[in-house]
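In: Give me the fold of what follows.
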Amino acid sequence: MRQVGGVDCNHLAPLTVLATIAAFLMSICFRQMARHKERSQRWFLAVCLLIAATTLFFDFRYVRRYRDICDTIQQRFHPAK
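Out: Next up is the predicted model:
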């Protein structure tokens, strides 16, 4: 399939791997919050959690945007019978 705005429609799947890793790191941060009671450790975990959540959010927006574009192009080339 051809590229749309510099994005190869056949290579969008690895972005879901990024989302899976971000979600996994978020779960680890939540588990570690219960174990570490010191304020500095909690702040560090909170920052890690914020970074993982931001990554997950922007990954979702990116995949959603370009998946819609790729699906539209694919429907034009292969209309439903």
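In: packing partners for the lengthiest helix in the chain?
Out: Secondary structure assigned by DSSP state H gives helix 39-77 as the longest helix of the chain. Secondary-structure packing of helix 39-77 (3 or more C-beta pairs under 8 Å, 6 or more residues apart in numbering; DSSP states H and E): strand 3-4, strand 7-8, helix 14-35. The way it works is simple: take the backbone N, C-alpha and C, and place the C-beta from them, glycine included.
In: okay, the ones you listed in JSON lines with mean pLDDT and mean neighbour count next?
Out: Output for these, formatted as JSON lines (pLDDT from 0 to 100; neighbours: other C-beta atoms under 10 Å):
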{"stretch": "strand 3-4", "mean pLDDT": "50", "mean neighbour count": "12"}
{"stretch": "strand 7-8", "mean pLDDT": "65", "mean neighbour count": "14"}
{"stretch": "helix 14-35", "mean pLDDT": "85", "mean neighbour count": "13"}
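In: Of these, which is nearest Y66?
Out: Among the helices and strands packed on helix 39-77, strand 7-8 comes nearest to Y66, with 5.0 Å by C-beta to C-beta.
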